[in-house]
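Q: quick one: sequence and predicted model below, then my questions.
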Amino acid sequence: MRIILLILILISNFQSWTKADDIRDLEVEGISLGQNALDYFSKNDIDQNKSYYPNDKEIWRYLIILKDKQYDSIQLHLKSKNNEYVVVGVAGLIYFYDEKDAFSICMRKRSSIVNEIEQNLVNVKKSDDERDNLISDDTGKSYVQAIYFDFKEDFSEYVKVACTYFSNEYRDKTNHPPSYLRVALTSTELHYWLKEKAF
């Protein structure tokens, strides 16, 4: 049985998680690692809306804006294999537009999600709270605050629950919201590709 991440704690009709020892048992908006994205979206739409990283095109991103769903959007990382678009990463995003309280609201949501995951992924290692500056912001004022649930000893396969804070200066240049929440499933393949080839 697959598990719906994040969504369940944000709605009143709460449904218990199933215990999971394999990250492929988890899903975001019904999509899991290893699945074929063409089962959900048209090839034409994916091809017209894909975006690439600077140094390698083996894996690409596809962002889907959602309506009347638990997430505002989902982002897929995809790889072409045997006439399929294989999902190597999937993330759900929720945007917070209240300028004054956006990040604190995001962090409260993140705390609830982390607590729920911690109670159910009992055999998965939880990281400390990690804070990193956002690379794309030259001012150094934007940052990501994340907790990871690691499925492998080399930390290459994980659930990441993170809030991103954008500084006013960076938002003026990029039109980002003040903050957003990201719940992501990352495969070992995507992890090492991002680390070694993407940039």
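A: Everything's here; your move. Residues are numbered from 1 along each chain as shown.

Q: pLDDT value on the closest residue to K152 other than its chain neighbours, please?
A: Counting by Cβ to Cβ, 6 or more residues apart in numbering, the nearest residue to K152 once its immediate chain neighbours are dropped is T188, at 6.5 Å. Heads up, the C-betas are built off the backbone N, CA and C, glycines and all. pLDDT, T188: 97.

Q: is it true that T188 touches E157?
A: Yes: T188 lies in contact with E157 (Cβ atoms under 8 Å); the separation is 4.7 Å.

Q: higher neighbour count, the two?
A: More crowded of T188 and E157, by other Cβ atoms under 10 Å: E157, with 22 against 17.

Q: am I right that S156 sits in a strand?
A: No: assessed with DSSP: H, G, I helix; E, B strand; the rest coil, S156 is coil; it does not lie in a strand.

Q: what pLDDT does it get?
A: 97.

Q: what's the answer for S12, then?
A: Here the pLDDT value assigned to S12 is 30.

Q: try S136
A: 87.

Q: burial count for it?
A: Applying other Cβ under 10 Å, we find 10 residues neighbouring S136.

Q: and what of the one 3 residues further on?
A: A count of nearby residues for T139, using other Cβ under 10 Å, gives 12.

Q: what's the answer for H191, then?
A: H191: 18 neighbours (other Cβ under 10 Å).

Q: sec struct for it, please.
A: Under the three-state scheme (three-state DSSP), H191 adopts helix.

Q: for N123, give its distance to I23.
A: N123 is 12 Å from I23, where distance means Cβ to Cβ, to the nearest Å.

Q: would you mind telling me which of those two has the busier surroundings?
A: I23 (22 against 8).

Q: which one is that one nearest to, not counting chain neighbours?
A: I23 sits nearest to F151 (Cβ to Cβ, 6+ apart), 4.8 Å away.

Q: how close does the one you found get to E118?
A: Relative to E118, and taking Cβ to Cβ, F151 is found at 14 Å.

Q: quick one: classify Y180 as helix, strand or coil.
A: strand.

Q: measure how buried the closest residue to Y148 other than its chain neighbours is and give me the count.
A: Spatial nearest neighbour of Y148, chain neighbours left out: S127 (4.1 Å); criterion: Cβ to Cβ, 6+ apart. A count of neighbours around S127, defined by other Cβ under 10 Å, yields 13.

Q: lowest-pLDDT helix or strand in the protein?
A: Using mean pLDDT, DSSP states H and E, helix 7-10 stands out as the lowest-scoring helix or strand of the chain, at a mean of 40.

Q: helices along this structure, start to end?
A: With helices called from DSSP state H, the chain shows them at 7-10, 43-49, 102-120, 168-174, 188-193.
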